[in-house]
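Student: Just to be clear, the model below is a prediction. Sequence and coordinates:
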Amino acid sequence: MVVDALFWLLALTAVASGFAVFRVSSMARATFALAVSFVAVGAVMLLLDLDYLGLITVLMMVMEMSIMAVFMIMYMMNPGGLMPMSMYHNKAGAMTVAVGSFVVLAAGALLVPWPEREGVAPADITLQLGEGIMGSKMLVMLTISPVLFATIVGSLVLAAPRGRYDRFGDDLDQPASDPVPGGLGR
Amino acid sequence: MSLELLLVLASALFCIGIYGALSQQSIVMVMMGLELMLNGVLVAGAAFWAYVSPSRPDGQVLVLVVITAMTVEMAMGFAVVTAIFRARDADLTDQAADLSG
Amino acid sequence: MVEQAPAWAAPLALGLLLALCVAAATFDAALAAGRGLAGALRVPWQEAARLVVQQRRTTVANDPLLWRTGGVSLLVVAALMVAVVPWGDWTLLDSAVGVVWFNAMDVLLWAAVWITGWGANSAWPLVGAHRFLAQALSYELLLMFALISPALGAGSLRLADVQAEQAGLWFVVTMPVAFVVFCVCVLAFSLWGPFAAPIGADLGGGVLAESSGVDRLLVLLGRYALLVAGAAFAVPLFLGGGEGPLLPAVLWSVVKTVLVLGLLVACRRRFALLRPERFAELAWVVGIPLVLLQILVVSLLVLGRS
């Protein structure tokens, strides 16, 4: 009973704040509306006993949204939303596609005869995940690691304005010259 | 709380995400739409784990993969936005349509 | 064995949190020059009373929703952190992933501090908010690795298990680096001492530049509460929890928390301000390799034991 009430509260919060992302004019509010949506979904996972994954979702997404806020302020022409302006294209078409796919997906969710539950959750659910990714599902981890590494390298290559030749000179033999000095006295 | 309700929640989040990704002009806002779509996938993955096969780790691993996908999407997305913005001051999808057609 | 505390213990724990905040503020006032202990006792209350009756300053086109939410969140986050701490044999919320809980709550601070700075619609608070994010990027990985060490040593993310594992040998002995790094990170997310750059005087108060009245009081109280939460968390993680002679376990937990808290508070007047860009390089180039080595040592110890 309590779980059901909590679920409805969280589900409505997730959907409402998710929609608010595209309705509010302040970028800071949009970003943190998305964060609220993620926190609500993380809490739904806690209701499903997925303690670890629920908390990880909250952790990752709040962190992401905080960083996203910085990018918002950097790149949007009107981050505070003090001058209301429309930043849409093809609103009607987008709404049609969205509502159409919702009808199809929700009909599928309600009409498909989903299989019965098989087995029961283990006593330690986090252990199940850990043994999964370090055992039978290790290929997933082996794929994720190089992908993440490639992401780090790729995003730095794309985003960094200065390379090592800017820092160390054409022959890479100069002392490092950085616009912002670091903490190690270089 | 049931599998059906959770899946309807997942579809709702996914479709709001579609709406955002299709209708927004700013690249950063499009990325928020994509994140919201993946948010729906998170719910669906967790729901299938809990209501279909809680004895196997597959659903949990799927959720972990989706969270990773979100971080990768956001890191690369911001890197690309930064690169485009540096190169030609563009922050709208319509200004970065070189590959269309 | 740690047991779930009854519901009436929740307000008790909250009261303890607030009492320790007052104690920390008093201690800090006593460390400041030119005041006797009697004077220090009055300072927190005087300051609180002044802020409560002060008329709130507002700014043009501020964002009250985000501003107020951010100000309250520091205290809320601290309370949520304290909720999973085992006090001796009792805990309010016996989470199976208590260590991750603490980490997730501390990440909420990224958002909390940033929106506090944003909400005022003023330049200095926003610069302070961005400074905090830069600082957070530097300390977050350190904190994660420092939290992993005791969890690895105990083979569990449950704080009760981590605490029980230390019967005989406290983790601070086998993982001193992780303990020091953890304390540094607590200072960093509490905006305290060397890590107060986001609210620094060079920015006219940074995130707090436009905060006044009750809003300011809540943020200042929230900082002390975060210090208390960090100190309370260090006890089951590194200092053996409620272990100790004579006194009951609950009291030992409180005593150790008070000692760690005193240490953290004293750091404010011991160390110079560490600017975020300096801290970034220190944290990533020096700090992370050190904690990784610490984790290697812990792993070897765990392997050797089994």
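Tutor: Yep, that arrived.
Student: If you rank every helix and strand of chain A by mean pLDDT, what lands last?
Tutor: helix A:164-168 (a mean of 86; mean pLDDT, DSSP states H and E).
Student: which residues are contacting that helix?
Tutor: Here helix A:164-168 makes contact (Cβ atoms under 8 Å, 6 or more residues apart in numbering or on different chains) with A:172, A:174-178. For the C-beta atoms, the positions are set from N, CA and C on the backbone; glycine is no exception.
Student: now swap in stretch B:2-9 and tell me
Tutor: Applying Cβ under 8 Å, 6+ apart, the external contacts of stretch B:2-9 come out as A:7, A:11, A:14-15, A:44, A:105-106, A:108-110, A:114, B:40, B:43-44, B:46-48, B:51-52.
Student: And stretch A:120-135, by the same measure?
Tutor: Residues outside stretch A:120-135 that contact it (Cβ under 8 Å, 6+ apart) are A:49-53, A:140-141, B:50, B:54-58, B:60-61, B:64, C:96-97, C:157.
Student: Got the phi and psi for residue 60?
Tutor: No chain was given, so I picked chain A. phi -60, psi -40 (degrees, to the nearest 10).
Student: not what I meant, chain C
Tutor: phi -70, psi 140.
Student: The helix or strand hosting A:Ala33 packs against which elements?
Tutor: Following DSSP states H and E, one finds A:Ala33 within helix A:27-47. Helices and strands touching helix A:27-47, as assessed by 3 or more Cβ pairs under 8 Å, 6 or more residues apart in numbering or on different chains; DSSP states H and E, comprise helix A:2-20, helix A:51-75, helix B:3-23, helix B:27-51, helix C:64-83, helix C:98-119.
Student: ok, the helix or strand following the last one near chain B or not?
Tutor: It stands for helix C:98-119. Note on helix C:98-119: by DSSP H and E, the next helix or strand toward the C-terminus is helix C:123-154. No - applying Cβ under 8 Å from any Cβ of the partner chain, one finds helix C:123-154 separated from chain B by no less than 13.0 Å.
Student: What is helix C:123-154 packed up against?
Tutor: Checked by 3+ Cβ pairs under 8 Å, 6+ apart, helix C:123-154 has helix A:51-75, helix C:98-119, helix C:159-165, helix C:171-174, helix C:176-189, helix C:213-238, helix C:276-281, helix C:288-305 packed alongside it.
Student: center of chain A, which residue is that?
Tutor: Nearest to the mean C-alpha position of chain A, counting by Cα atoms, centre = their mean, stands A:Met61 at 4.7 Å.
Student: now the residue of chain B positioned farthest from its centre, nearest residue through space, not along the chain?
Tutor: In terms of distance from the mean C-alpha position of chain B, B:Ser55 ranks first, at 27.4 Å (Cα atoms, centre = their mean). Closest residue in space to B:Ser55, ignoring its immediate chain neighbours: A:Gly119 at 2.8 Å, by Cβ to Cβ, 6 or more residues apart in numbering or on different chains.
Student: for C:Ala280, same thing?
Tutor: Closest to C:Ala280 by Cβ to Cβ, 6+ apart is C:Ser138, at 4.4 Å.
Student: show me where pLDDT drops low in chain C?
Tutor: Scanning chain C for pLDDT under 70 picks out the ranges C:1, C:34.
Student: now the spatially closest residue to C:Leu152 that is not a sequence neighbour: how far from chain A?
Tutor: Among residues not flanking C:Leu152 along the chain, C:Val298 sits closest, at 5.2 Å (Cβ to Cβ, 6+ apart). If you measure C:Val298 against chain A using Cβ to the nearest Cβ, to the nearest Å, the figure is 17 Å.
Student: Equivalent analysis for C:Val302, please.
Tutor: Distance, C:Val302 to chain A, by Cβ to the nearest Cβ: 15 Å.
Student: what's the neighbour count on that residue?
Tutor: Neighbours of C:Val302 under the rule other Cβ atoms under 10 Å in any protein chain shown: 14.
Student: thinking again about what came up before, now which of the contacts of stretch A:120-135 would you call buried?
Tutor: A:50-53, A:140, B:50, B:54, B:56-58, B:60-61, B:64, C:96-97, C:157 (16 or more other Cβ atoms under 10 Å in any protein chain shown).
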